[in-house]
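K.L.:
After the sequence you'll find the predicted model.
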Amino acid sequence: MNKNSIAVIFDMDGVIFDSERTYIECMVEVADKYGLENMEEVAYKCIGLNENATKQILIDAYGKDFDYKKYRLESSAIFHEKYDGGRLPVKPGVKDVFESLKKLNIPLALASSTKKESVVKELSDAGFIDYFDYLVCGDMVEKSKPEPDIFLKACELLGSAPDNTFIIEDSYNGIRAAHAAKAHPVMVPDIIRADQEMEMCSEFIASNLYEALSYICSRLDDIKNRPDDQEVVVKNEEKVNALQILSKIEKVVAESGKIILKADRSNNVITSKEGHANFVTKYDKKVQEVLENKLLDILPKARFVGEEGEHNEEKGSGFEFIVDPIDGTTNFIKDYHVSAISVGLVKDGKPYIGVVYNPYLKEMFTAITGIGAWCNGRNIHVSDNELENGIVLFGTSPYYEELNKKSFDTAFSYFKRSLDIRRSGSAALDLCSIAAGRAELYFELILQPWDYAAGALIVTEAGGKVTTFEGGEVTYNKPCSILATNSIAE
Ligand code: IPD
Ligand code: CA
Ligand code: CA
């Protein structure tokens, strides 16, 4: 294979944008309004199809009198209202992957069943349009995927033979079309997992775009001989690793969340610790024990610091898990349903991965340094409100009575300058609320590293800012105060 003639074609929805989920949400919203049942199931069948094919599926499901035009107009109005102007969630790694392929001088095309007007708008709003040498859209070809036409046209424009072209797709019909075009189909499944047919039709199934890029790089002859390319490969491999570690941590944390949900508070589970109203339950200990065992299975050489164990202020190199098995223990004791498991992974003293899981709402907040922050797999971003239009969260540092007055005086002064204040009882979840754009500023005058090791990274990766209350650097080996904002409110 001559590497200079290699090209890559991307599908858009479900590969570049996390848009399939958002389209389905909007379709279901309209269906609920008109009492149409099973729309979610029907909408799944439309993934990867053009307008005509989608219309046919809806008419087959809801009868020939179904007013497709009206229905589509309404759901598309909801979609535009929610996501226009660059607010469409982007899949992890998109920009890095485009940059890497450009650095390798590989021409790129986009082949999407969506019509050109929307493709151009969505790519432009996200700042991605200039990465593509060619766009081939649903209204530019007659036959929709799974027919190969759209990809064959893209190959023709790119001047690359299908057998020199990688096609990155998430949908079944997209992979079928890429296979039929006799190109190299690389599947990155989005909502629907790959089945046996997909395994047969795809040359490679990746769990994310970095992995897809790695695979493509591994297929380029003599790539490792060019220093520039080597840099791309190494950087990229590290990100693949980080995403794999994150997905393993998420599984362990979700599993441990079940211990919190199934807890039996009826008999003697509480013990007091040092400080005012500082409790520990047998569940804090149980969750920590499970986390310690399972997290160290993922990274056996890592150090483990958990709230319910021994601590020192030693600064180590390499990986270190910093864990709060239940952040919000008082809430947990009261069955108040605002508690979380917080797992921070620090590398050489700097935050690397953060996972905060609220088992009651089944919300999994995650972040990887330099890659992004997500809630249940979808990108999150801090809000752009000023303090006067913001909500301020604060922690009372309950175990340090000497800080009570300053905490409440500070909260009072923020209260006067904002919409209102809140005190949730979980520092980790407060930080995630800032990251998700649900509140604008959070402060607490003293916290332990396990309260913020995960949440602080989630905030910064979501575009926010985290410092000590005085504006200094946050420490991960000893307690400090925390001020987290959307980078605007102050
Ligand atoms: C506490 C919670 C609380 C914060 C305290 C923390 P714990 O953690 O995060 O919101 O105000 O400072 O210690 O004791 O429930 O794990
Ligand atoms: Ca805590
Ligand atoms: Ca705790």
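P.N.:
Now that the structure is in, tell me what you want to look at. Ligands and ions are numbered 1, 2, ... in the order given.
K.L.:
Residues in a beta bridge with the closest residue to residue 364 other than its chain neighbours, which ones?
P.N.:
Nearest non-adjacent residue to residue 364, counting by C-beta to C-beta, 6 or more residues apart in numbering: residue 357, 5.0 Å away. All C-beta atoms are positioned from the backbone trio N, CA, C, and that covers glycine. The partner list for residue 357 in beta bridges (DSSP bridges) reads residue 341, residue 364.
K.L.:
how near is residue 357 to residue 482?
P.N.:
20 Å (C-beta to C-beta, to the nearest Å).
K.L.:
Have a look at the two and say which one is more surrounded.
P.N.:
residue 357 (28 against 25; other C-beta atoms under 10 Å).
K.L.:
Contact partners for that one?
P.N.:
Neighbouring residues of residue 357 by C-beta atoms under 8 Å, 6 or more residues apart in numbering: 250, 253-254, 257, 340-341, 363-365.
K.L.:
Let's see that with 6 Å instead.
P.N.:
Going by C-beta atoms under 6 Å, 6 or more residues apart in numbering, residue 357 touches 253, 257, 340-341, 364.
K.L.:
In the stretch 101-250 of the chain, which residue sits closest to ligand 2?
P.N.:
For the stretch 101-250 of the chain, the nearest residue to ligand 2 under the criterion C-beta to the ion is residue 249, separated by 18.0 Å.
K.L.:
Assign a three-state SS to the most centrally placed residue in the chain, would you?
P.N.:
Taking C-alpha atoms, centre = their mean as the criterion, residue 374 is the residue nearest the geometric centre of the chain, at 2.8 Å. Per DSSP: H, G, I helix; E, B strand; the rest coil, the secondary structure class of residue 374 is strand.
K.L.:
Check whether it really touches residue 367, as I assumed.
P.N.:
No. Using C-beta atoms under 6 Å, residue 374 makes no contact with residue 367, being 7.2 Å away.
K.L.:
shared neighbours of these two, which are they?
P.N.:
By C-beta under 6 Å, 6+ apart, no residue touches both residue 374 and residue 367.
K.L.:
Domain-wise, how is this protein divided?
P.N.:
1-225, 264-490 (automatic domain parsing).
K.L.:
Of all those domains, which one comes closest to ligand 2?
P.N.:
For ligand 2, the closest of the domains of the chain is domain 264-490, at 3.9 Å, according to C-beta to the ion.
K.L.:
how long is that closest one end to end?
P.N.:
End-to-end span of domain 264-490 (C-alpha to C-alpha, to the nearest Å): 42 Å.
K.L.:
do stretch 271-282 as well
P.N.:
8 Å.
K.L.:
what's the following helix or strand after the helix or strand of the chain with the lowest mean pLDDT?
P.N.:
Within the chain, confidence by mean pLDDT, DSSP states H and E is lowest for strand 270-272 among all helices and strands, at a mean of 70. With elements assigned by DSSP states H and E, the helix or strand that comes after strand 270-272 is strand 279-281.
K.L.:
re earlier: please produce CSV containing the domains of the chain, extended by distance to residue 244.
P.N.:
Converted to CSV, these look like this (distance: least, C-beta to C-beta, whole Å):
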stretch, distance to residue 244
domain 1-225, 8
domain 264-490, 9
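K.L.:
These: lowest mean pLDDT?
P.N.:
Of all the domains of the chain, the minimum mean pLDDT falls on domain 1-225 (a mean of 89).
K.L.:
about what we covered before: how about the residue of the stretch 101-250 of the chain closest to ligand 2, what does it touch?
P.N.:
Here residue 249 is in contact with 343, 355 (criterion: C-beta under 6 Å, 6+ apart).
K.L.:
i'd like the first residue to be 178 from this point on
P.N.:
Let's use 178 as the start, then, which means that last one is residue 426.
K.L.:
Just say helix, strand or coil for it.
P.N.:
helix.
K.L.:
That one and residue 633: what is the separation?
P.N.:
16 Å.
K.L.:
now do residue 207
P.N.:
Separation of residue 207 from residue 633 (C-beta to C-beta) stands at 40 Å.
K.L.:
Give me the more crowded residue out of those two.
P.N.:
residue 633 (28 against 19).
K.L.:
Identify the residue nearest that one in space, chain neighbours excluded?
P.N.:
In space, residue 633 is closest to residue 643, 4.4 Å off (C-beta to C-beta, 6+ apart).
K.L.:
Helix, strand, or coil at the one you found?
P.N.:
With three-state DSSP as the basis, residue 643 sits in strand.
K.L.:
Need the three-state assignment for residue 586.
P.N.:
helix.
K.L.:
what residues does this structure put near ligand 1?
P.N.:
Counting by C-beta under 6 Å from any ligand atom, the chain comes close to ligand 1 at 501, 504-506, 572-575, 602-604, 621, 624, 628.
K.L.:
secondary structure class for whichever residue of the stretch 178-327 of the chain sits closest to ligand 1?
P.N.:
Residue nearest to ligand 1 within the stretch 178-327 of the chain: residue 269 (27.9 Å; C-beta to the nearest ligand atom). Taken by three-state DSSP, the conformation at residue 269 corresponds to coil.
K.L.:
Check the one 5 residues further on too.
P.N.:
Look at residue 274: counting by three-state DSSP, its state is helix.
K.L.:
Surely it is in contact with residue 388?
P.N.:
No. At 10.1 Å, residue 274 and residue 388 do not qualify as touching, with contact defined as C-beta under 6 Å.
K.L.:
which of those two has more neighbours?
P.N.:
Neighbour totals were compared for residue 274 and residue 388, and residue 274 leads with 27 against 21 (other C-beta under 10 Å).
K.L.:
dump the residue contacts of the residue of the stretch 178-327 of the chain closest to ligand 1.
P.N.:
By C-beta under 6 Å, 6+ apart, the contact list for residue 269 reads 385, 548-549.
K.L.:
from those, which is closest to ligand 1?
P.N.:
Closest to ligand 1, out of all of the contacts of residue 269 and judged by C-beta to the nearest ligand atom, is residue 549, at 24.5 Å.
K.L.:
For burial, what's the neighbour tally of the closest one?
P.N.:
By other C-beta under 10 Å, neighbour count at residue 549 equals 23.
K.L.:
what's around the residue lying closest to residue 641 once chain neighbours are set aside, how many residues?
P.N.:
Spatial nearest neighbour of residue 641, excluding adjacent residues (C-beta to C-beta, 6+ apart): residue 559 at 4.2 Å. Close neighbours of residue 559, defined as other C-beta under 10 Å, add up to 26.
K.L.:
In what element of secondary structure is residue 559 found?
P.N.:
Per DSSP H and E, there is no helix or strand for residue 559.
K.L.:
Touching, it and residue 614? I think so.
P.N.:
Yes. Contact criterion C-beta under 6 Å: residue 559 and residue 614 qualify, at 5.5 Å.
K.L.:
which residues touch residue 552?
P.N.:
540, 542, 613.
K.L.:
List only buried entries from the residues you listed.
P.N.:
542, 613 (16 or more other C-beta atoms under 10 Å).
K.L.:
Tell me the residues of this structure that contact ligand 3?
P.N.:
With the criterion set to C-beta under 5 Å from the ion, the chain comes near ligand 3 through 484, 501, 503, 506.
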